[in-house]
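Engineer: Could you look at this predicted model? Sequence included:
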Amino acid sequence: MVVRSKEQPDGERDPRLTLALLWGEQEQPTRGPKPKLSPRRIAAAAAELADREGLDAVSMSRVAAGFGVSAMALYRYVPGKTELVELMVESVLGEGPDLSGVREGDWRAGVREWTRQCARVYAAHPWLLTATAMRRRLLGPGQLGWLDAALAVLEPTGLDGVRRHHTFLLLIGLVRNVAQQRSDYEAEQDAEWDRLSADLLARHADRFPALTKVIAEGAFQPDGIDPLEFGLDRILDGVEAVIDGRE
């Protein structure tokens, strides 16, 4: 259990405390009544709040109100919002992807399934994009589980550890990029932007000939192509080219 009367500035936070929370290794009381809450329960409740209202809606007081306690009561378990967000990320990531259905040695299928499952997590929890974009120095078992799984499915490629890690960075970058696009998309605003942009470019087409050409070819119109699958195919083909010595 964590005993803390108020939040400390980021510069004064004890990383050992955060690690203990993320890995469930914090000290437990040896006497007294059984704790009514736990960091895991608090994080799960905060994640549900963020799913409904966004990450900005999460505060110690809002989460505490859901349990019918004061914000000060939560500080016995979680030092503050920074640590709470770390725990929320772990809460939704779980222990990593389930790749049990992938045939052993089929690295392309493994990578594809890993990427799809990762994308589904981001889609289910849009706030995860912001939460994991923060400066994060410490990783919990959930994040490491996803990383470990990605590196494992890439083992049959024969690539060394450095290239497998670079491939992981490409994959998570693709997932986050697609998640960002979907998070930013609003049909009504997008239609208005298209209208205004089309009018503007019609008057200045000579200044932007390449852009004008691809717009005329339907580059920004719905095409039925899944950007995640398109990007994933390109990454997989690129990795295969490296394996075959063509890159």
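Structural biologist: Yep, that arrived. Numbers count the residues shown, from 1 in each chain.
Engineer: pLDDT weak spots in this protein?
Structural biologist: Along the chain, segments meeting pLDDT under 70 span 1-13, 27-34, 134-138, 185-194, 196, 246-247.
Engineer: Mind jotting down where the helices sit in it?
Structural biologist: Secondary structure of the chain by DSSP state H: the helices cover 15-22, 39-53, 60-67, 71-74, 81-93, 107-124, 128-131, 141-153, 161-184, 187-203, 209-216, 227-243.
Engineer: just the ones you listed: most buried one?
Structural biologist: helix 81-93 (a mean of 22; mean count of other CB atoms under 10 Å). Every residue, glycine included, has its C-beta placed from N, CA and C.
Engineer: Just list what that helix packs against, helices and strands only.
Structural biologist: Secondary-structure packing of helix 81-93 (3 or more CB pairs under 8 Å, 6 or more residues apart in numbering; DSSP states H and E): helix 15-22, helix 39-53, helix 60-67, helix 107-124, helix 128-131, helix 141-153.
Engineer: wait, which of those helices is closest to Asp184?
Structural biologist: Closest to Asp184 of the helices and strands packed on helix 81-93, according to CB to CB: helix 128-131, at 10.2 Å.
Engineer: Mind listing residues that contact that closest one?
Structural biologist: Contacting residues not belonging to helix 128-131 are listed as 50, 55, 85, 88-89, 92, 121-122, 176, 179-180, 183 [CB atoms under 8 Å, 6 or more residues apart in numbering].
Engineer: what would these look like in a markdown table with distance to Asp160?
Structural biologist: Shown next, in a markdown table, are the contacts of helix 128-131 (distance: CB to CB, whole Å):
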| residue | distance to Asp160 |
| --- | --- |
| Ala50 | 38 |
| Leu55 | 37 |
| Val85 | 34 |
| Met88 | 34 |
| Val89 | 29 |
| Val92 | 32 |
| Val121 | 28 |
| Tyr122 | 28 |
| Arg176 | 25 |
| Ala179 | 29 |
| Gln180 | 30 |
| Ser183 | 35 |
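Engineer: wait, which of those residues is closest to Pro39?
Structural biologist: Using CB to CB, those come closest to Pro39 at Met88, 10.5 Å.
Engineer: what sits against that closest one?
Structural biologist: Met88 touches 43, 46-47, 50, 58, 131, counting by CB under 8 Å, 6+ apart.
Engineer: Would you mind measuring from it to Ala47?
Structural biologist: As for Met88, its distance to Ala47 is 5 Å (criterion: CB to CB, to the nearest Å).
Engineer: repeat for Leu236
Structural biologist: Counting by CB to CB, the gap from Leu236 to Ala47 is 31 Å.
Engineer: likewise Ala73?
Structural biologist: In terms of CB to CB, Ala73 sits 19 Å off from Ala47.
Engineer: what does Val153 give?
Structural biologist: 27 Å.
Engineer: got it, and Leu55?
Structural biologist: Distance, Leu55 to Ala47, by CB to CB: 10 Å.
Engineer: Can you pull the domain assignment for the protein?
Structural biologist: Annotated domains of the chain cover 10-93, 94-184 [automatic domain parsing].
Engineer: TSV for these, including distance to Leu228?
Structural biologist: Listed next are those as TSV, based on distance: least, CB to CB, whole Å:
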stretch	distance to Leu228
domain 10-93	18
domain 94-184	5
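Engineer: For Thr212, which of those is the nearest?
Structural biologist: Smallest distance to Thr212 across these (CB to CB): 22.7 Å, for domain 94-184.
Engineer: Figure out the length between the terminal residues of the closest one.
Structural biologist: Separation of the first and last residues of domain 94-184 by CA to CA, to the nearest Å is 26 Å.
Engineer: gap between that domain and the chain center?
Structural biologist: Distance of domain 94-184 from the chain centroid (CA atoms, centre = their mean, to the nearest Å) equals 9 Å.
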